[in-house]
Structures are given as structure tokens and as C-alpha cells.
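Asks: Sharing a model prediction with you, sequence too.
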Amino acid sequence: MNIYQSVLQKLNSGEKIVLVACMKNDGGRRFFSEKHYYTEADITAPGFGGQLAKNVYEGINQSLATGEIKIIENQESDVIIVEPFFPQPQLIVLGGGHIAKPLTEFAARLGFLVIVVDDRLSFANSKRFPTAGKVICESFAKCFDLLKLNAYAYIVIVTRGHRHDMDCLRSALKNQWKYLGMIGSRRRVKSITEQLMMEGYSPEVLAKINAPIGLEIGAVTPDEIAISILAQIISFRRLQDPRQGRNSPQVNWTEFDRDVIEELAQARCDKKALVTVIATKGSVPRKAGAKMIVWPDGRILGSIGGGCSEARVTQTALDVILQGGYMVQDIDMTGSIAEDEGMVCGGIMKVLIESIADDNLAKKQGS
């Protein structure tokens, strides 16, 4: 199993990961001496870091806490990149009706792994929801047995009836999630809340349900309602305690290009280069963590922002494929350079370009 297979497996199970890569420059020969990953459980365990340098240990903990890539100059010829990976947020849409369609489409564009559930085969199918990661046809009472919920799950209840809403809420309240919202009139929401309280659910638990769902923006059409729901979900993802008015940012999530990670996890025996944005300054199209793969024939998967700047990085990547090792390149998007390329950005990105082969993907988890 290569390291990206392991990383993807851990992320799919809802775990945070930190990938630590040691880069060496030995007389002009640049190469990765090792790559290790650590889960959040590893990092927080007693005794972790006993064999690590102090600045590396601190960098790993800071990266996990802040969600930021850390670049550590350990020795004159060593540079260590500490990169956090957080699980892709899941959007669980319970109900496949008219609101679910735009909700699924918009959420997929926002980077959510969307799962749609309905108990009717005519509604629960991939033709109706082509952008969903998974579509499940199952009763609302039983579907939670098929869902692997974690702390990054956002649950939206948009079923067609009171009974189904109750089934979803009862199951959801027994699970882990980041956000739980239910559509319905205030009268319907009040009736459901009162019934759940009679069943023994505490007011504190029920208060965590966002119902009626979405931000109050006067939404009327299915598309508008979907936008109001996703706006509320984004506030829960990006801000601390949005319902309490405390709008300080949460942890900075690095960019997550799932297609790129999945391709790396395939461990195909072909030459390619991996490009990763490792630092940014000012206004740039992608944040640190954004990735793309470049193949010798010029094909790419993923993006670090597009434009002529990306084309220059692609050319460098082709050289790295031929020479092996790695290079670090700055992309200047300031002043006249950005203007000439028609970009509204005005910042600088530092990118790591590395040759990828099975031998530098096969490092195991660090101890």
C-alpha cells in the first residue's frame, strides 16, 4: 500500500492526517529522503514525537491545529514540508425531491462529497443526481446503517413527510455530525420538536437542529432555497458558532483535490509530476494544499489556478519528470504580470514540483 492509499483510507474514515516529507539537497541533487503520515490519534497520543526534532514536533502539532502547511528548515540541506489533510466534508441529503437537485449540484461545486438518500427508486438514482458521490435507495429509518457519519458530516432533511422527518431526526440525533438541518414550516417544526421532547430528547440537543433550515433571505424557488441552505452550511463550516454571532474563522482548511489524491493512490507505474501549492501571499486563485498532476504528454489533473502561470509550472514539471527529484518555484501574480494575464489576483504562490514514482510513495506511517 503506498502512502497516498493509506492517507485516502484514513480520510475516508473521518480521520485528520499530517503528511511529513523530508527534502534533501545533496550537492545539487534534490530528492525526498522519506515521507511519513501521522493521524490525529498518533499525534495526540502520549509519548508522540520522542524521536523527532523539536521544531518538527512543534510544526506537526501546529499544522494539525491550524490546518496550515508548515515549511521547516531543519538543517542546511534539509527542508521538511508538513502538510495537513482534513476529511472531505460530507453533505447527506435525506430526500430526493425538487430541492435536493439544485442542492446536490451546488454542494458538489463547493467541494462537498454528496450522498443522496430516498426510498423511491425513481428518485434515488444517479441519472437524477449525476454530481452526487453516492445515491442510496433505502428507507429513511434504515439508511443510517449505510452512512458512515463523522464530525465532518452535514445533514439536510428534505423528505416529503412528517413521518420520514421523524425517522431521520431520531437516527441523526444518535450519530456524530457537524450540522443538522430540517426543512419545514415553523408549525411543523414546533410539532416535531414537541413530539421528540415527549420521547425524552433534551431541549439542549433539539436546539442544535437548524429548523426551519437555511438563512432567511426570502428564498422562494428550489434554487434559491438550496442557496439559502448552503449559505447556512458554509457558515457552520467556516465560522465559529455562527448562530451565536461569533464569526471568528475556524481552522483554515487546506485545499483538497480528491481526484488528485485518488489518482496518486492508484500507484500506477507511469511517470508524472505532482505540483502542490505550499505557501501563498496576497490574493491568489488557490490556497496552500492545492494540487495537480502533470504527465509527460502534457495532460494534467487538477489545477493550481489556471492561466499562463500554470502553463509555466507545467513546463517545469515536465523537466522534473525527466530529471527526477523536486523543484520549488515561485509564481508571481502581482502588478503587470497579473494584468498581462487578465487575472484579478495580486499575490505570490510557492509551489513544490516533485517527480512521482512508486518508490517515493511507498513510505510507511512513522512511529
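Replies: On my side now, so go ahead. It should be emphasised that the depicted structure is a prediction, and the values quoted were computed from it without experimental measurement.

Asks: Could you use CA atoms for every contact and neighbour count after this?
Replies: OK.

Asks: And stretch 280-287, what's buried?
Replies: Thr280, Val284, Pro285, Arg286, Lys287 (16 or more other Cα atoms under 10 Å).

Asks: Could you look up the SS state of the spatially most central residue of the chain?
Replies: Centroid-nearest residue in the chain, with Cα atoms, centre = their mean: Gln88, separated by 3.3 Å. In three-state terms, and counting by DSSP: H, G, I helix; E, B strand; the rest coil, Gln88 is coil.

Asks: Give me the phi and psi angles of it.
Replies: For Gln88, the backbone dihedrals are phi -70, psi 130 (criterion: degrees, to the nearest 10).

Asks: Which two among the buried residues of stretch 280-287 are spaced furthest apart?
Replies: Using Cα to Cα, the two most remote members of the buried residues of stretch 280-287 are Thr280 and Pro285, lying 9.8 Å apart.

Asks: Model confidence score at the residue nearest to the centre of the chain, please.
Replies: Per-residue pLDDT puts Gln88 at 87.

Asks: From Leu149, how far out is it?
Replies: Distance of Gln88 to Leu149, computed by Cα to Cα, to the nearest Å: 12 Å.

Asks: what sits against the closest residue to Glu138 other than its chain neighbours?
Replies: Closest residue to Glu138 apart from its sequence neighbours, by Cα to Cα, 6 or more residues apart in numbering: Asp119 at 4.7 Å. Going by Cα atoms under 8 Å, 6 or more residues apart in numbering, Asp119 touches Cys137, Glu138, Ser139, Phe140.

Asks: Now do Asp119 against Ala107, distance only.
Replies: From Asp119 to Ala107 the distance is 21 Å (Cα to Cα).

Asks: now swap in Ser228 and tell me
Replies: Distance from Ser228 to Ala107, counting by Cα to Cα: 12 Å.

Asks: Distance from the helix or strand hosting Glu83 to the middle of the chain?
Replies: Element membership for Glu83 (DSSP states H and E) is strand 78-85. In terms of Cα atoms, centre = their mean, to the nearest Å, the centre of strand 78-85 is set 18 Å apart from its chain centre.

Asks: and what of stretch 159-167?
Replies: On Cα atoms, centre = their mean, the centre of stretch 159-167 falls 30 Å from the chain's centre.

Asks: List the buried residues in it.
Replies: Buried residues in stretch 159-167 (16+ other Cα under 10 Å): Thr159, His164, Asp165, Met166, Asp167.

Asks: Break down the stretch 151-300 of the chain into its strands, ranges please.
Replies: For the stretch 151-300 of the chain, the strands defined by DSSP state E, counting those that start in this stretch cover 153-157, 179-182, 272-281, 291-294, 300-302.

Asks: which helices and strands sit right next to the next helix or strand after the last one?
Replies: Following the chain from strand 300-302 toward its C-terminal end, the next helix or strand by DSSP H and E is helix 307-323. With contacts defined as 3 or more Cα pairs under 8 Å, 6 or more residues apart in numbering; DSSP states H and E, the secondary structure elements packing on helix 307-323 are strand 272-281, strand 291-294, strand 326-332, strand 348-356.

Asks: out of those strands, nearest to Arg186?
Replies: Using Cα to Cα, these put strand 291-294 closest to Arg186, at 44.4 Å.

Asks: and Asn55, what element?
Replies: Short version, using DSSP H and E: Asn55 is in helix 54-66.

Asks: Could you list the low-confidence segments of the stretch 1-150 of the chain?
Replies: Low-confidence segments of the stretch 1-150 of the chain, defined by pLDDT under 70, are located at 27-28, 75-77.

Asks: Could you check how many residues crowd around the nearest residue to Phe31 once chain neighbours are set aside?
Replies: Leaving aside its chain neighbours, Phe31 sits nearest to Gly325 (4.4 Å; criterion: Cα to Cα, 6+ apart). By other Cα atoms under 10 Å, 20 other residues sit near Gly325.
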